[in-house]
Structures are given as C-alpha cells and as structure tokens.
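[1] Below is the sequence, then the predicted model.
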Amino acid sequence: MIKLVGVEKTLGKQAVLRGVDLTIPTGKLTTIIGRSGEGKSVLLKHIIGLMQPDRGEVWIDGTDIARLKGQALNEVRKKFAMLFQGAALFDSLTVFENVAFPLREKLRLKGDTVTRRVEEKLEQVGLKGMGHKFPAELSGGMRKRAGLARALVMEPEIILFDEPTTGLDPLMAKAIHDLIVAMQQQFGFTAVMVSHEIPEIFGISDYVAMLKNGRIAEMAPSSEFVKTTDEEIREFIFVGGTVTAKGLPTAPRS
Ligand SMILES: Nc1ncnc2c1ncn2[C@@H]1O[C@H](COP(=O)(O)OP(=O)(O)OP(=O)(O)O)[C@@H](O)[C@H]1O
C-alpha cells in the first residue's frame, strides 16, 4: 500500500503540496486529477522518491521513504517503474535496446534471457516485429507503447503514469488507456496515473483522487467520485456538462 500522510513541499516560493493525505490501494488503478500546475507531477515524484517532502510521511509497503537516502531508497525504488510524459526513450537506441536497457543495466541479464523478455513485452504492447526501429521512426502512440514495454519488462509492483496519453489523438489515447487497463489486470501491479483525460479516466480508473490547493480534495471509487457535492470539483469534472452528456460514469472494476 502507498500512503502519504501530511506531505508538504515548497518549491521556490510556492507551497505546492500543503498537507497531502492519500492512501492508494494495492493492485488497483488510481488516477490523480487536478488543474494544471496544481502539483500532480510533484506528487508522483514524492511517491517514487525523486523528491522528498519538507514535512510528512510517504509509506511504501511499510517503509517511510520521506527521509530515506542512498541504497535504502534504491531498494524501495526497485518496486517502481515510471512512464514519463514523453515516454523518455533513448533516441540513439532501437526500441529493442530501449526495452532491454533496464534488464541489462539493473538486472545484469544477458543473451537469450534478455531477448525472450523483451520480445514478449513488445508483443504484449502491440509492437511485435518493431524492435529494430528507432524512436524517431515511431508514431506518438507507438512511442508510448515502447515506453510501456520498458516499464513492464522489469515486472514492477507499482507503475506511475504521468499523463500517458498527452499528444495523442482520441483513438490513439483510447488504445493506450485500454492497453494500460489490460496490462494492469493481467499483471496486477498498482497503477497510479496523472491525467487530464476527463471524462475518459472515469471509465477506466478504479479510484480517482483530486488535488486542489495542495491537498487531496476528494478520493473515491470513480462511480462515487462523480456524485461529489463539492461545487468546484463538479465544475472541474463536468466541464460545461459534457461529462453527463457522454453518459459517465461506468462502475469501477471489481
Ligand atoms: N523542480 C522544480 N522546481 C521549482 N518549481 C517546480 C519544480 N517542479 C515543479 N515546480 C512547480 O510546482 C508546481 C506544480 O508543478 P507540477 O508539474 O507538479 O504540476 P501539474 O499539476 O503536474 O501540472 P500539469 O497538469 O500542467 O502537468 C508548478 O508551479 C511548477 O512550476
């Protein structure tokens, strides 16, 4: 379980996180929403230990990583993979080498073992036979798939997705959402996603949390979340009534 307690973070002169309390259930897909610049990416960075809070606790399965450093922090971070906004592929490496990279660098695997694991992941994300291509030769959606394959190849317990569909057309975005859900159900990792894809995320997330004014204003199963009576949250998620027009929400997956 991931649990943040009273997390505060000031960056420059801005108090970005002002007491975040959030419990993220294991083996589910939780999506964090909120206005631009609210601190969603900063929050993800606290969860994975890339940033440390000024105050508060960040519990990852019984370890508070808020003040952990060096080897102890690295041990906990082995549980994680992160899919960054731009997929963060190495442009000079082929798709195959990009996906193989963590296996070779972190697990020191070689030869057939690497080939087998990489090809299996490429197939799972729909990139079978594409391993020889370079990132520049791929469409935006294919780059996201390659990034997802690289995240999955380490078989992490937790995957963080920072706006995984940014820059994609609606059909491609849906394909990536569907793939994330399919992979999450198949492998059972804990998924934490930051997204602006409203209303779509209500149809795919088990839980939705909203960051507002540096705190979690609401956290609930998606189907409950949309029943919120908080006017500001309603305004944000029912932008001009379009969400209701599209007939959301669907029930969260059991
Ligand atoms: N390393 C940093 N140093 C200083 N300020 C930062 C740093 N990282 C983020 N910030 C600031 O913290 C605030 C929150 O940024 P963050 O990227 O988390 O927002 P966000 O909610 O993810 O936004 P968006 O939805 O637009 O991606 C912003 O004002 C940003 O400028």
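    Good, I have the coordinates.
[2] Can you give the distance of the longest helix along the chain from its chain's centre?
    Ranked by residue count under DSSP state H, the longest helix found in the chain is helix 170-187. If you compare the mean C-alpha spot of helix 170-187 with that of the full chain, they lie 12 Å apart, counting by CA atoms, centre = their mean, to the nearest Å.
[3] So which bits of that helix are buried?
    172, 173, 174, 175, 176, 177, 179, 180, 181, 183, 184 (16 or more other CB atoms under 10 Å). For glycine as for every other residue, the C-beta is placed from the backbone atoms N, C-alpha and C.
[4] Contacting the ligand as well, which ones from those residues?
    The subset of those within reach of the ligand, counting by CB under 6 Å from any ligand atom, is empty.
[5] quick one: what helix or strand has the spatially most central residue of the chain in it?
    For the chain, the residue sitting closest to the mean C-alpha position, by CA atoms, centre = their mean, is residue 161 at 1.9 Å. With the criterion set as DSSP states H and E, the secondary-structure element containing residue 161 is strand 158-162.
[6] same check, this time on residue 31
    When elements are assigned from DSSP H and E, residue 31 belongs to strand 29-33.
[7] and residue 205, how many neighbours?
    Per other CB atoms under 10 Å, the neighbour tally for residue 205 reads 27.
[8] ok, it - contacts?
    For residue 205, the set of contacting residues under the criterion of CB atoms under 8 Å, 6 or more residues apart in numbering consists of 29, 30, 31, 193, 222, 252.
[9] mind checking how far it is from residue 177?
    As for residue 205, its distance to residue 177 is 10 Å (criterion: CB to CB, to the nearest Å).
[10] What of residue 164?
    Distance of residue 164 to residue 177, computed by CB to CB: 8 Å.
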